[in-house]
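# Next input, structure requested:
(2 chains)
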Amino acid sequence: MTGTELLGRLREENGLGVVRVEDVYATDIPDLWSAITEPQRLARWIGTVEGDLRLKGRFDAKFTSGWQGTGVVEICDAPRLLRVRTQQPGGEPTVMEAQLSEEGEATRLVIEERGLPLADYADHGAGWQAHVEDLEAHIDGGEPGDWAQRWRELSTAYFALIGR
Amino acid sequence: MADLPALDHTFTAVLQGDMGPHKWTCAILRDSPRILGTGRSVKVDAEVHGVRFVTSMLPHKGDHMLPLKQSVLDAIGKTAGDSVTVRITAAA
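Down below sits the predicted model:
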């Protein structure tokens, strides 16, 4: 991993937090789409996702972060745009969106999570960066790192973004 | 993303084949974090032997690699093992 160069940005929208992380991956757009939509590949970098992964389908997810909840597929425009509405038990719904675009031979991936409580969005910024670094390792044929340790390394920088 | 308004760098490298999951042919830029100002990916305008294209320099084992499409390799008549000279400037 590369120190604490931040891949993420944080912003507020209507009193709620938005996390946006983006990076470029050494693969083509069909392969990156597969890595973020197929359960056997998701399991290699972010966690277990089970259920109906089609448009309007419902699924259960448990990420390496400990995040656990349900989701509904709102947009599935392969291989460029995926939007899911997710909810933890007892929590408010958030939206997770992935946008893919070609950049030379490689592929840029932008992930946004919207609708986060302002108490939580810096946490999620550090968390998403740790996840997408694991995605990079997976694309390069490697294994994920220690998610919790990486989150701790990054969280100070993300809290600094919002002055905490 | 890194902000590189002043990037204008020319380097020579021996093309390496079989890079990444798609067996790309790449020019490796040594000592790249110092030159590019980041260890992350960087979007650049590249010029190789008169052929210009926009691409991404991707992190590779502490350096960066610049993948060349087959169409570019064909246009310049180069393949893995050949030496190329690459000029990179900040992409718009």
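# does the longest strand belonging to chain B come close to chain A?
Longest strand in chain B by number of residues (criterion: DSSP state E): strand B:51-60. Yes - among the residues of strand B:51-60, B:53-56, B:58-60 lie within reach of chain A under Cβ under 8 Å from any Cβ of the partner chain. Bear in mind the C-beta positions are built from the backbone N, C-alpha and C, glycine included.
# Show residues contacting the host helix or strand of residue A:100.
For residue A:100, the host element (DSSP states H and E) is strand A:94-103. Strand A:94-103 has contacts (Cβ atoms under 8 Å, 6 or more residues apart in numbering or on different chains) with A:24, A:28-29, A:32-33, A:36, A:71, A:74-75, A:79-87, A:107-116, B:43, B:54-56.
# Okay, and which of those residues map to helices?
The helices, defined by DSSP state H, take in A:29, A:32-33, A:36 from the contacts of strand A:94-103.
# Of all pairs in those residues, which one is the farthest apart?
Distances among the ones in helices among the contacts of strand A:94-103 were taken as Cβ to Cβ; the most separated pair is A:29 and A:36, at 10.9 Å.
# Touching, residue B:85 and residue B:15? I think so.
No - applying Cβ atoms under 8 Å as the test, residue B:85 and residue B:15 come out as separate, 11.3 Å apart.
# Number of residues surrounding residue A:160?
Using other Cβ atoms under 10 Å in any protein chain shown, residue A:160 is surrounded by 12 other residues.
# for residue A:109, same thing?
Neighbours of residue A:109 under the rule other Cβ under 10 Å: 23.
# And the pLDDT for it?
pLDDT recorded at residue A:109 is 98.
# likewise residue A:140?
86.
# and it, what does it touch?
A:26, B:20-21.
# how does it look with 6 Å?
Residues near residue A:140 by Cβ atoms under 6 Å, 6 or more residues apart in numbering or on different chains: none.
# ok, now the one 10 residues further on?
With contacts taken as Cβ under 6 Å, 6+ apart, residue A:150 has the following neighbours: residue A:130.
# Give me the nearest residue to residue B:36, chain neighbours excluded.
residue B:42 (5.0 Å; Cβ to Cβ, 6 or more residues apart in numbering or on different chains).
# Excluding sequence neighbours, find me the nearest residue to the residue most central in space within chain B.
Central residue of chain B (Cα atoms, centre = their mean): residue B:66, 2.6 Å from the mean position. In space, and not counting its chain neighbours, residue B:66 is closest to residue B:27: 4.7 Å by Cβ to Cβ, 6+ apart.
# Next: residue B:85.
Of all residues not flanking residue B:85 in the chain, residue B:12 sits nearest, at 4.8 Å (Cβ to Cβ, 6+ apart).
# just to revisit the earlier point, include distance to chain B, neighbour count and pLDDT when you put the ones in helices among the contacts of strand A:94-103 into JSON lines, please.
Below are the ones in helices among the contacts of strand A:94-103 laid out as JSON lines (distance: Cβ to the nearest Cβ, whole Å; neighbours: other Cβ atoms under 10 Å in any protein chain shown; pLDDT from 0 to 100):
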{"residue": "A:29", "distance to chain B": "11", "neighbour count": "19", "pLDDT": "96"}
{"residue": "A:32", "distance to chain B": "10", "neighbour count": "23", "pLDDT": "98"}
{"residue": "A:33", "distance to chain B": "14", "neighbour count": "20", "pLDDT": "98"}
{"residue": "A:36", "distance to chain B": "15", "neighbour count": "18", "pLDDT": "98"}
